[in-house]
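A.B. asks: Predicted model, plus sequence, below.
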Amino acid sequence: MKIVQYAMRGNPVDVVKVLDVDAPVAGPGEVVLDVQASPINPSDVLTITGDYGILPPLPAYCGNEGVGLVVALGEGVDDVVVGQQVFLPIGAGTWRQQITAKAAELVPVPPGTDPLQMAMLAINPPTAYLMLRDFVRLDPGDWMIQNAANSGVGRYVIQLAAAQGAKSINIVRRADLAEELKAMGADAVVVEGPGMAKEVRDITGGAPLKLGLDAIGGDSTLALGDCLTDDGLVVNYGLLSGEPCKLSSAATIFHDVSLRGFWLARWFRSAPIGERMAVMTEIGARVATGELTAAVDSTYDLDHIGDALARSMAPGRDGKVLVTPNGPLS
Ligand SMILES: NC(=O)c1ccc[n+]([C@@H]2O[C@H](COP(=O)([O-])OP(=O)(O)OC[C@H]3O[C@@H](n4cnc5c(N)ncnc54)[C@H](OP(=O)(O)O)[C@@H]3O)[C@@H](O)[C@H]2O)c1
């Protein structure tokens, strides 16, 4: 079977290789899964380049989430059936054709759901949900603002904010996204640039704007912080620019705007199991019904992993790039 591996850190397009290896065999209590779909997330790219918060020892396998089909059962597995669709083990190196998993830890995919949407469930939707829930209380009618609003996380934020009655201002770097994001529930779409803070004040009419979600860093954090009102909070959760976060003295001194970070991996480590289950169950139900969706740009098989990675890092994509290691999903 084919598996994506890298033996050195660097530009993913250059260092990632597809190897042909023996197909896995299910041990006692295990199953073998055919991988159906797994997204290429920015964290996958940062892990390969060596810029992420946790780095695996080399050589390493890529891919962190997705969905698959049970194709073989190991000894003692009697409560799982061949053909069942399940979520892949998180962080297991999912860009491969087959993977083993412990039968007792399998979580079934709700029947009749879109496998590409379900493949993106484990990371971005809970990130959006927790950032809206845990930092600044948003009552119906309250405003929030975010940058990189057309990203997967950004689109979940738009849909979740709208569902709870909060109003979102969405900063993008391409004006042509405005109608699409408004159709998902965005109240306003603003193109990042000079004069943005005034444009945002005109939109809110000067109403409190206390939560800013920042996926970019650098000057984009600065611009976001300058839009917030007194006691506002910028939550930085991504490093798309690779630049350290900045805040203006006007924001910090005159408006007491502050900066915090969010990392889902830390939340998973610290939240009690009951809390993790509750969040994932709620989010899973909302993705399953189509209430929460992310755009899909394209899918690639493993033979074209270099093209897939290049596309995932290119500006102006129309959504997520996913790998479908056993062929396209109809
Ligand atoms: N902290 C956490 O726990 C956590 C969890 C999940 C995701 N994240 C982070 O959240 C961010 C978004 O992830 P995602 O999976 O939602 O991303 P995504 O769907 O892959 O989309 C990222 C989008 O951001 C825009 N973008 C890229 N670089 C940019 C830049 N320098 N300035 C402005 N816009 C830029 C691009 O849109 P255009 O080219 O169309 O402008 C791109 O399509 C990433 O930084 C990711 O690492 C963090």
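C.D. replies: Okay, I see it.

A.B. asks: going forward, measure contacts between C-alpha atoms and count neighbours the same way
C.D. replies: Fine.

A.B. asks: tell me the contacts of V31?
C.D. replies: Going by C-alpha atoms under 8 Å, 6 or more residues apart in numbering, V31 touches V70, V71, A72, L73, G74, V77, T100, A101, K102, A103.

A.B. asks: any chance of those residues in TSV, plus neighbour count?
C.D. replies: Formatted as TSV, the contacts of V31 follow (neighbours: other C-alpha atoms under 10 Å):
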residue	neighbour count
V70	23
V71	17
A72	19
L73	23
G74	17
V77	18
T100	23
A101	20
K102	16
A103	21
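
A.B. asks: Next, format the residues you listed as TSV and append secondary structure, distance to the ligand and pLDDT.
C.D. replies: Listed next are these as TSV, based on DSSP: H, G, I helix; E, B strand; the rest coil; distance: C-alpha to the nearest ligand atom, whole Å; pLDDT from 0 to 100:
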residue	secondary structure	distance to the ligand	pLDDT
V70	strand	27	98
V71	strand	29	98
A72	strand	31	98
L73	strand	32	98
G74	coil	33	97
V77	coil	33	97
T100	strand	25	98
A101	strand	23	97
K102	strand	25	97
A103	helix	27	97
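
A.B. asks: Closest to M8 out of those residues?
C.D. replies: Nearest to M8 out of those is T100 (C-alpha to C-alpha; 24.8 Å).

A.B. asks: Backbone torsions only: list them for the nearest residue to that closest one once chain neighbours are set aside.
C.D. replies: Nearest non-adjacent residue to T100, counting by C-alpha to C-alpha, 6 or more residues apart in numbering: V32, 4.4 Å away. V32 has phi and psi values of phi -100, psi 140 when expressed as degrees, to the nearest 10.

A.B. asks: where's V32 relative to R137, distance?
C.D. replies: To R137, V32 is 44 Å away according to C-alpha to C-alpha, to the nearest Å.

A.B. asks: And the two? Which one has more around it.
C.D. replies: V32 (24 against 11; other C-alpha atoms under 10 Å).

A.B. asks: Just list the residues touching that one, thanks.
C.D. replies: P24, V25, A26, V70, V71, A72, L73, G74, Q98, I99, T100, A101.

A.B. asks: can you map out the strands along the stretch 51-200 of the chain?
C.D. replies: All strands of the stretch 51-200 of the chain, identified by DSSP state E, counting those that start in this stretch, fall at 60-61, 67-73, 85-87, 98-102, 143-146, 167-172, 188-191.

A.B. asks: Please identify the pairing partners of the longest one and their relative orientation?
C.D. replies: Think strand 67-73. strand 30-39 (antiparallel), strand 85-87 (antiparallel) (DSSP bridges).

A.B. asks: what's around the spatially closest residue to T94 that is not a sequence neighbour, how many residues?
C.D. replies: Spatially, and ignoring its direct neighbours in sequence, T94 is nearest to G63 (4.4 Å; C-alpha to C-alpha, 6+ apart). A count of nearby residues for G63, using other C-alpha under 10 Å, gives 24.

A.B. asks: my guess is G63 contacts P89, does it?
C.D. replies: No: using C-alpha atoms under 8 Å, G63 makes no contact with P89, being 10.3 Å away.

A.B. asks: one step back: out of the strands paired with strand 67-73, which gets nearest to the ligand?
C.D. replies: Smallest distance to the ligand across the strands paired with strand 67-73 (C-alpha to the nearest ligand atom): 8.7 Å, for strand 30-39.

A.B. asks: Cheers, nothing more for now.
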